[in-house]
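Visitor: Sequence and predicted model, in that order:
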Amino acid sequence: MKTSFELVAEFRDAEGKGASRRLRRANKVPAILYGGHREPRALALDHTRLLLMLDNERFYSTIISLRVGDVTQAAVLKDVQRHPAKNAVLHVDLQRVLENEKIRIAIPLHFKGEAAAPGVKAGGLVSHLRNEVEVSCLPKDLPEFIDVDLSGLGMNQMLYLADLKVPEGVEIPELAHGRNSPVVSIHHARAEEVEAPTAEAAAAAAAPVAAAPAAAAAKPAADAKAKDAKK
């Protein structure tokens, strides 16, 4: 089984919020390893090393060699909880990988051929409606990414999940459930905003509005004069 990263961990026995806070003060990240028909195990990861790996797109969509002491286990990253305000990881979920069992994991989409797309040449804008797709496959068939070719996409056209070319042995579970979601589209650029009116035009437009209150004020005075003339 091909792996792309090695992640060193250590077992931890203490759990709970207090234990997790102590780990984070020691530059460690609490983690959990589950799946593979075995009991979940609580782990601790080095925070600095983990941050470096999380900066690499491939870390999210490849098989990781997880080493705890002298034992190595293939795993994939399933979830990362980050601090809302700091560049810090609060918790990580990892899933064991077995060679003969399919895994489900989100794979990034790499868009290419935008400049050659007829819709772009006609002045259209590209909208990426998705940046990743979940796939199901055996570990040996897992791709690092999926290419999305836009070179034939015209104005007001879309590519859907069913249009993606996935490697042999790879499936998209959403399609099996009848959900053929859009992935990318090319559409007309938004019309240019109407030019702001000139000062003269603005004054002319405001003149009737300004005159209206004056006319309204003059009417009671005229009515009063008419009454006096009848007396």
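Guide: Sure thing, it's come through.

Visitor: Show the contacting residues for the residue positioned nearest the centre of the chain.
Guide: Taking C-alpha atoms, centre = their mean as the criterion, residue 131 is the residue nearest the geometric centre of the chain, at 6.4 Å. Residue 131 sits next to 108-109 when contact means C-beta atoms under 8 Å, 6 or more residues apart in numbering. Yep, even glycine has a C-beta here, placed from its N, CA and C like the rest.

Visitor: could you redo the last one with a cut-off of 6 Å?
Guide: Residue 131 makes contact with residue 109, according to C-beta atoms under 6 Å, 6 or more residues apart in numbering.

Visitor: what's the spacing between it and residue 171?
Guide: Going from residue 131 to residue 171 by C-beta to C-beta, to the nearest Å gives 20 Å.

Visitor: can you give me the helices for the chain?
Guide: Secondary structure of the chain by DSSP state H: the helices cover 17-25, 47-54, 118-121, 173-176, 199-230.

Visitor: Can you tell me what sits against the fourth one?
Guide: Same thing as helix 173-176. By C-beta under 6 Å, 6+ apart, the residues outside helix 173-176 that reach it are 136, 161.

Visitor: still on that earlier bit, distance check, the residue nearest to the centre of the chain against residue 184.
Guide: The gap separating residue 131 from residue 184 is 10 Å, by C-beta to C-beta.

Visitor: Repeat that for residue 162.
Guide: Distance from residue 162 to residue 184, counting by C-beta to C-beta: 13 Å.

Visitor: between the two, who's got more neighbours?
Guide: Comparing residue 162 with residue 184 by neighbour count (other C-beta atoms under 10 Å), the higher total belongs to residue 184, at 22 against 11.

Visitor: any idea of the pLDDT on that one?
Guide: Looking at residue 184, its pLDDT reads 98.
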